[in-house]
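Enquirer: One predicted model, sequence on top.
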Amino acid sequence: MKPMPSLSLLRAAALACALTLGGPAAHAAIDMPPGIAWQAAAADSDIEAAFAKAKGEKKPVLLYWGAKWCPPCNQLKATLFNRADFIAQTQGVVPVMIDGDLPGAQKLGARFKVRGYPTLILFSADGQEVTRLPGEADAPRVVKLLQTGLAGGRPIKDVLTDARQGKSLKAGEWQLLGFYSWDTDEQQLVAAGLRGELLRQLATRKGVPAETRTRLVLKGLAAGAESGEAATPAERATVAAVLKDPKQARAHVDVLSNQAPELVRALYRQAGAERDATVAQLQRALASLQADKSLSRADRTSVLISRVNLARLDEPKASISPKLDAALVSEVRAFATRMDREITDGYERQAVITAAGHLLGQAGLWTESDALLKANLARSHSPYYLMSQLG
């Protein structure tokens, strides 16, 4: 079984396809934007050579696991891998690229415990995992996290052990924990079922910076939505503060856009006036983020998907004709049309149009979803991925 795309900002769209297509049969190498001297790896010998080079040059290793067809991977190409500051940072690492569709790549995937596309891992020169960077965060955040990881260098397992034992951590180490890519961790640091509890506990530790504390609360609640204990008054207050503050909402947009329904379920186990009020707050916060032009088109598409998912909160999950407000449906239709008209970059188109197709379907506009995907088959460098959605 080939890996699925990870829970990134294109989480909903990627999952909709990944459940039917684990990856294409074609074995074309990943095409990448220019600027970064990626070393392709498809066998253990390639990895050993990369780490030997890293050790000789006293540089960390930045490992990228992706695939040409993967929408979230194309989002990284359109927003992160082409940034001058990110390209400059890669001068201080040995950048290694693994195309998950090439023969031998799955063995490397097992070696590094990677499955979800995309995964970005920073290793020390001696092979210790420093952190997994969150591909779902926006590009400026990832750049800052990579900088923090390069400046710190302690293995993430050691950092987490100290945090669990109540030991003092540097602000940067807390940040790496808070913004660690838990969705691509493959249960290395903690079992999936215990993740929510762990993150909520870490949020209560002394010395946690305010932004990281908020992040841990949000991620912890979302991760434990189905099995964790009900939210505490303090946690509800934290969520309320985020929704009222545009700066905080912007800082944690990936959680709000990817996991809004999970947050609502964690905050309120049953429907009622309080839950409805929180959903209304979330909708207002998300609408503001959707209008934020500093976010990428893919991010804004994910935000609108989240708004639709919130509107479907009491609908059967499998419903193909949800009862949604006519104004929201009209907004979805206009948004998808605008994305198709505006996007010219091939990487961005692969990332956004697949998500827009999913968005239209979630709103019950299946005929328009099919039409959008069919019209983009000839414009996509990986049309088989769009075909899987049509299937």
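Expert: That came through, no problem. Numbering: from 1, shown residues only.
Enquirer: From now on I want contacts and neighbour counts done on CA atoms only, so please keep to that.
Expert: Will do.
Enquirer: So Val217 belongs to a strand, correct?
Expert: No - per DSSP: H, G, I helix; E, B strand; the rest coil, Val217 lies outside any strand segment and is helix.
Enquirer: got a list of what it touches?
Expert: 199-200, 203, 235, 238 (C-alpha atoms under 8 Å, 6 or more residues apart in numbering).
Enquirer: Extract the residue ranges of the stretch 1-150 of the chain that are flagged as low pLDDT.
Expert: The stretch 1-150 of the chain contains residues with pLDDT under 70 at 1-29.
Enquirer: Strands of that one, start to end?
Expert: In the stretch 1-150 of the chain, the segments counted as strands under DSSP state E, counting those that start in this stretch are 39-40, 61-66, 94-99, 119-123, 129-133.
Enquirer: what about Gln281, how many neighbours?
Expert: Counted with other C-alpha atoms under 10 Å, residues neighbouring Gln281 total 15.
Enquirer: how would you label it: helix, strand or coil?
Expert: Applying three-state DSSP: Gln281 is helix.
Enquirer: Quick check: the gap between it and Gly109.
Expert: 41 Å (C-alpha to C-alpha, to the nearest Å).
Enquirer: need the strands of the stretch 1-150 of the chain in JSON lines with mean neighbour count and distance to Asp276, can you?
Expert: What follows is those, written out as JSON lines (neighbours: other C-alpha atoms under 10 Å; distance: least, C-alpha to C-alpha, whole Å):
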{"stretch": "strand 39-40", "mean neighbour count": "16", "distance to Asp276": "50"}
{"stretch": "strand 61-66", "mean neighbour count": "25", "distance to Asp276": "39"}
{"stretch": "strand 94-99", "mean neighbour count": "24", "distance to Asp276": "44"}
{"stretch": "strand 119-123", "mean neighbour count": "24", "distance to Asp276": "36"}
{"stretch": "strand 129-133", "mean neighbour count": "25", "distance to Asp276": "34"}
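Enquirer: Could you point out which of those sits nearest Gly178?
Expert: Among the strands of the stretch 1-150 of the chain, strand 129-133 comes nearest to Gly178, with 10.9 Å by C-alpha to C-alpha.
Enquirer: Counting by contacts, list what the closest one packs against.
Expert: The contact analysis (3 or more C-alpha pairs under 8 Å, 6 or more residues apart in numbering; DSSP states H and E) places strand 129-133 against strand 119-123, helix 139-152, helix 156-164.
Enquirer: Return the set of buried residues in the last one.
Expert: Residues of helix 156-164 classed as buried under the neighbour-count rule (16 or more other C-alpha atoms under 10 Å) are 156-157, 159-160, 163.
Enquirer: picking up where we left off before, redo the strands of the stretch 1-150 of the chain as a markdown table? Include distance to Asn82.
Expert: Listed next are those as a markdown table, based on distance: least, C-alpha to C-alpha, whole Å:
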| stretch | distance to Asn82 |
| --- | --- |
| strand 39-40 | 17 |
| strand 61-66 | 14 |
| strand 94-99 | 14 |
| strand 119-123 | 15 |
| strand 129-133 | 17 |
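Enquirer: Between those, which one is closest to Gln389.
Expert: With C-alpha to C-alpha as the criterion, Gln389 lies closest to strand 61-66 of these, at 19.5 Å.
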